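Visitor: Sharing a sequence plus its predicted fold:
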Amino acid sequence: MVKVCFYFQAHQPYRIREYSIFDIGKNSAYFHEQKNREILKKVANKCYLPMNAVLSELLRKHPEFKVSFSFSGVLLEQLEKEAPEALKSFQDLVKTGRVEILGETYYHSLSFLYSKDEFVRQVRLHAEKVKKIFGVNPKVFRNTELIYNNELAKWVEDLGYSAILAEGADHVLQWRSPNFVYKPQGAQKMRLLLKNYKLSDDIAFRFSNRGWEQWPLTAEKFAQWVGAFNGSGEVINLFMDYETFGEHQWPDTGIFDFMRRLPREILKHPDNSFVTPAEAAKLQPVAELDIPYLVSWADIERDVSAWTGNEMQRAALAKIYEIEKAVQESGDAQLLEDWRKLQTSDHFYYMCTKWFADGDVHKYFNPYESPYDGYLAYMNILNDVRLRLEAKHG
Amino acid sequence: MRVLMFGWEFPPMSSGGLGTACYGLTKGLSSLGVQVAFVMPHGPEDAYAQYVHLIPASKALRTVRLSSGLRPYLSVSRPFYRTRGQARLAVLYGDDLFHEVQRLAELARGIAQEEQFDVIHCHDWMTFPAGMAAKEASGKPLIVHVHATEFDRTGGNNVNQAVYDIERQGMHAADLVIAVSQFTKDKLVAHYGVSPDKIAVVHNAIDPEFIDYGEKKGKMVLFLGRITLQKGPDYFLEAARRCLEVDPDIRFVIAGSGDMEGRLIERAAALGIGDKVLFPGFVTGPDLDRLYQMADLYVMPSVSEPFGITPLEALKNKTPVIVSRTSGVSEVLRHCLKVDFWDTEKLASKILSVLRYREAHHLLKEHGYQEVQGFSWQNPAKKCVEVYKRACHG
């Protein structure tokens, strides 16, 4: 029996504009409204709307088909404002009862690493937003960029979630298989679902790669790979960015047709089925998994170096969380909101210099010419935030 | 492979990118075993013994001196600006200049009949007639190497027709053309009607050897180059004015000489920042590296820079750089900040930001230093050999 568990991540940040040193103290509009609007509309048209149509058709055709989503709070806000028709199509999907929504931090932040208080507040804010928009309560949690460790599992369990997602990285699993349900170390009822990164990345990254020996990837072939786990796996977790469909993989790669055919091919095998993460979490865990250090789904390293790897990133993160107390105590709602929008992980991702010289995935949707420009603008903004704080606190 | 090359005196006898490029390229070619007979116009002062030491011990390179008043960067429209360090140069311009260029061509004809070589390679317009004469006399293929065009030197205003005609004639007479950047190649296609298939892009390089002079970095921002319209020193001064409004402790150094020097000194005085903008004049030899090492930041605000070696030299000396987007070097250098030369407000903001946020300064310096280690003259020399082969064998 192999159960296929799809989870799609949908998120777009509020990118900051090229905020100049001369803006400090004069202008507190930090975000690039026009660019954010343009990107959101582009993604809605190229990915959200067409892929939602594909999913809607699949849900209609195959009563066994199920998927799950996680939406950042900042994306939901932007959808409400800039692409209500796309939001409506997401709501329609959820209404089928076979589309689960996961919990995350509202601001798609790294708050778990820097402030547990802020982390808890953002998780609650997010749950409220999901309830308001979709009328459901998230039961399963996924942290920003699948950043995970034992401690996080414990915190999330205390917040009432039944399961948590993580990357099935080799260095975590070693000889173990990602295709079973695990129990995080130290947790009670909590379950851990691990991404099958090979099969997930076959779709998300390799699908259109003509240099790949498996190209072209057909639904038949992929279903065969999934089916091959019968007897040696219980749940195949296919976790990926929703922008894979139509944005990272363009329509002319055949990605939509592939997805249109995939459920039927998978269901041809009578032992195969689909589950949502909450359903998968009901499976019996095979073992307890001890992950004391941080893992994520980013880059080859599968750690947090994509956001905290260089001194600019560490300085920016230290500065933003250093003012937490002052911001909370300021009683200024706008300031609080700006501060939170500045916590979105993308800002730090854009400052990454690891792969900069080669150019790569870090450039995707990156508004800056270089990681340095991203950092300088960010630090200028923090200086303005400080001035606003000083004005409040006298 | 034997090359008859018409070029320019090596540093320190000749300042600027052209002499430096000739020196580096011949050195690189020699190391690849290419035999170069290097013909250069040479002034009355007897400095031959000095520069012959600079040439690596190699039988592959022979130099041929021709007594001539020609120097790179002579201007047709105005007397050559006599400045400190160059006082011994003869004034040569207007009809005299064209006469001298023609005289070089006559001498080249004789050399071409005596020397044994497979290809002719010449550098910028003053040597093009010599190259054409050598081709006529020998029937060997001609390669013209474009380091700058009349459009770069004049900023597109008051292009000298006679210079343009010689440039165009040389490019069309040549079997193949080498441009120092894509930026320059595009200009040759657009303004000179050269077929893109005929132009190879060969980016310049540096000698990445670092000699630590133990200079202490101060809060100093450096401009270094000819003080001419092409190099944008006036934009640098404007940015300096803007920076000093925010931080009066910064010092700005405009090193070099050129026809705008007097005007800029007066302008700085009139702005009341005469004590903060310093003009050390023409700098050469080890003092050049010293100056780079003293600077906290190097800025190349060129209006039109076909390549731009100075940012690479600055990074080699562990000084981070800001470069103009209208430059060849910005095509190949990643670890730097880039600006539009005319946007002095943004330039000033970047200068202030890099000086203030030391994490960015440090990473720009470290990564930039690493990056320029890859810019050795071996690479362009190899590409030139490819061009020679193509010219010889079609």
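Guide: Great, that's in hand. Numbering: from 1, shown residues only, chains lettered A, B, ... in the order given.
Visitor: Mind naming the longest strand for chain A?
Guide: Longest strand of chain A, by residue count under DSSP state E: strand A:2-10.
Visitor: could you give the mean pLDDT of the helix or strand following that strand?
Guide: Sequence-wise, the next helix or strand downstream of strand A:2-10 (DSSP states H and E) is helix A:33-43. Computed over helix A:33-43, the mean pLDDT rounds to 96.
Visitor: quick one: helix A:33-43 to strand A:2-10, angle?
Guide: 150 degrees (axes from the mean of the first three to the mean of the last three Cα atoms, to 10 degrees).
Visitor: Residue numbers of the stretch 251-394 of chain A in contact with chain B?
Guide: Residues of the stretch 251-394 of chain A lying close to chain B (Cβ under 8 Å from any Cβ of the partner chain) are A:310-312, A:314-315, A:353, A:356-357, A:369-373, A:375-376, A:379-380. In this view, the C-beta of every residue, glycine as well, is placed from N, C-alpha and C.
Visitor: Would you mind giving me the PyMOL syntax to select the buried ones in those residues?
Guide: Filtering these down to the buried ones (16 or more other Cβ atoms under 10 Å in any protein chain shown) takes a single PyMOL command:
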select buried, chain A and resi 310+311+312+315+353+356+369+370+371+372+373+375+376+379+380
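Visitor: Can you tell me which residue of the stretch 201-350 of chain B sits closest to chain A?
Guide: Going by Cβ to the nearest Cβ, chain A is nearest to B:Ser349 of the stretch 201-350 of chain B, at 3.9 Å.
Visitor: For the helix or strand that contains that residue, buried residues please.
Guide: Per DSSP H and E, B:Ser349 falls inside helix B:344-356. In terms of neighbour count (16+ other Cβ under 10 Å), helix B:344-356 has its buried residues at B:344, B:346-356.
Visitor: follow-up on the earlier one: wait, isn't the residue of the stretch 201-350 of chain B closest to chain A in contact with A:Asp373?
Guide: No: the pair B:Ser349 / A:Asp373 is not scored as a contact, 10.6 Å apart, by Cβ atoms under 8 Å.
Visitor: now the residue in the stretch 151-300 of chain A that chain B sits nearest to: how far from A:Pro292?
Guide: Per Cβ to the nearest Cβ, A:Asp299 is where the stretch 151-300 of chain A lies closest to chain B, at 17.5 Å. Per Cβ to Cβ, to the nearest Å, A:Asp299 is found 20 Å from A:Pro292.
Visitor: okay, and the helix or strand of the chain with the least pLDDT?
Guide: Here I'm looking at chain A. Of all the helices and strands that make up chain A, helix A:170-173 has the lowest average by mean pLDDT, DSSP states H and E, namely a mean of 90.
Visitor: I was after chain B.
Guide: One helix or strand of chain B scores below all others by mean pLDDT, DSSP H and E: helix B:48-52, with a mean of 35.
Visitor: hey, C-alpha coordinates of the helix or strand harbouring B:Glu359 in CSV?
Guide: In the assignment (DSSP H and E), B:Glu359 maps to helix B:358-372. Taking C-alpha atoms only, helix B:358-372 is exported to CSV below (Å, rounded to 0.1, in the frame of the first residue of the first chain):
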residue,chain,number,x,y,z
ARG,B,358,30.9,46.9,7.6
GLU,B,359,29.6,43.4,7.0
ALA,B,360,28.9,44.3,3.4
HIS,B,361,32.2,46.0,3.1
HIS,B,362,34.0,43.0,4.4
LEU,B,363,32.2,40.5,2.2
LEU,B,364,32.6,42.7,-0.9
LYS,B,365,36.3,42.9,-0.2
GLU,B,366,36.8,39.2,0.6
HIS,B,367,34.7,37.8,-2.2
GLY,B,368,35.9,40.4,-4.7
TYR,B,369,39.5,39.6,-3.8
GLN,B,370,38.8,35.9,-4.4
GLU,B,371,37.0,36.7,-7.6
VAL,B,372,39.8,38.7,-9.2
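Visitor: which parts of whichever helix or strand comes after it are buried?
Guide: Note on helix B:358-372: by DSSP H and E, the next helix or strand toward the C-terminus is helix B:378-393. Of all the residues in helix B:378-393, those buried under the rule 16+ other Cβ under 10 Å are B:380-381, B:383-385, B:387-388, B:391.
Visitor: Same list (these) but as TSV, adding pLDDT and distance to chain A.
Guide: Formatted as TSV, the buried residues of helix B:378-393 follow (pLDDT from 0 to 100; distance: Cβ to the nearest Cβ, whole Å):
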residue	pLDDT	distance to chain A
B:Pro380	97	19
B:Ala381	97	23
B:Lys383	98	20
B:Cys384	98	25
B:Val385	97	26
B:Val387	98	26
B:Tyr388	97	30
B:Ala391	96	33
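Visitor: Could I get the full set of strands for chain B?
Guide: For chain B, the strands defined by DSSP E cover B:2-6, B:35-42, B:61-67, B:119-123, B:142-146, B:176-179, B:199-201, B:220-224, B:251-255, B:277-281, B:297-300, B:321-324, B:337-339.
Visitor: Between A:Asp299 and A:Pro292, tell me which one has more neighbours.
Guide: Just comparing A:Asp299 and A:Pro292: by other Cβ atoms under 10 Å in any protein chain shown the higher neighbour count belongs to A:Asp299, 17 against 9.
Visitor: ok, back up a step: can you check which of the strands of chain B gets nearest to A:His11?
Guide: Distance to A:His11, taken as Cβ to Cβ, is lowest for strand B:337-339 among the strands of chain B, at 28.5 Å.
Visitor: that older thread, the residue of the stretch 151-300 of chain A closest to chain B touches A:Trp307, doesn't it?
Guide: No: using Cβ under 8 Å, A:Asp299 is not in contact with A:Trp307, being 10.2 Å away.
Visitor: Spell out which parts of the stretch 251-394 of chain B neighbour chain A.
Guide: Within the stretch 251-394 of chain B, the positions adjacent to chain A are B:334-338, B:345-346, B:348-350, B:352-354, B:356-357, B:359-360, B:362-364, B:367, B:371 by Cβ under 8 Å from any Cβ.
Visitor: cutoff 6 Å now
Guide: Selection of the stretch 251-394 of chain B residues close to chain A by Cβ under 6 Å from any Cβ of the partner chain yields B:334, B:337-338, B:349, B:352-353, B:357, B:359-360, B:363-364.
Visitor: Scan these and report the most crowded one.
Guide: With neighbours taken as other Cβ under 10 Å, the top of those is B:Ala360, carrying 29 neighbours.
Visitor: domain parsing for chain B?
Guide: Split into domains by automatic domain parsing, chain B comes to B:2-205+B:376-393, B:220-372.
Visitor: need the next SSE after the helix or strand in which A:Glu151 is found, C-terminal direction.
Guide: Using DSSP H and E, A:Glu151 sits within helix A:150-158. Next in sequence after helix A:150-158, counting helices and strands by DSSP H and E, comes strand A:163-167.
Visitor: Just to be sure, A:Lys183 is in a strand?
Guide: Yes: according to DSSP: H, G, I helix; E, B strand; the rest coil, A:Lys183 belongs to a strand.
Visitor: isn't it right next to A:Leu289, touching?
Guide: No: counting by Cβ atoms under 6 Å, A:Lys183 stays clear of A:Leu289, with 7.0 Å between them.
Visitor: Name the residues contacting each of those two.
Guide: Overlap between the contact sets of A:Lys183 and A:Leu289, as judged by Cβ atoms under 6 Å, 6 or more residues apart in numbering or on different chains, is nil.
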